[in-house]
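S.K.: Attaching a predicted model along with its sequence, questions to come.
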Amino acid sequence: MTPAILDIKYNLHLYKGKKYYVAECPRFRITTQGSTPSEALKNFNEALELCLGDPEWLSFYKISTGTHKPLVVRHEPKQAAQTFGA
């Protein structure tokens, strides 16, 4: 069976907090942190992948594949704002 493909675009904010870098997605209410920007993004991607595997989460955010096929999700920020200050 050919999997259904779901493309999701979202805004992602990446900024330096007091101690860690923070990756935050207001649309999905997911916030992660890391000691580097790339670690914060890696942690965000892991959290999003976990959420995308949860049918209740998909339903809450009104994300529907419209099919019972296996799901392949491609996701990327439509806007990635980076704020690194002193």
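M.R.: Nice, I can see it.
S.K.: what is the closest residue to residue 46 other than its chain neighbours paired to in the beta sheet?
M.R.: Leaving aside its sequence neighbours, residue 46 sits nearest to residue 32 (CB to CB, 6 or more residues apart in numbering; 7.9 Å). From N, CA and C alone the C-beta is placed, and that goes for glycine too. The partner list for residue 32 in beta bridges (DSSP bridges) reads residue 23.
S.K.: Surely residue 32 touches residue 21?
M.R.: No - at 9.3 Å, residue 32 does not count as touching residue 21 under the criterion of CB atoms under 8 Å.
S.K.: Now do the shared contacts for those two.
M.R.: Counting by CB atoms under 8 Å, 6 or more residues apart in numbering, the contacts common to residue 32 and residue 21 are residue 40.
S.K.: Check the chain for its longest helix and report it.
M.R.: The single longest helix within the chain, with elements called by DSSP state H, is helix 37-52.
S.K.: Identify each buried residue in that helix, please.
M.R.: By neighbour count on 16 or more other CB atoms under 10 Å, the buried set for helix 37-52 is 37, 40-41, 43-44, 47-48, 51-52.
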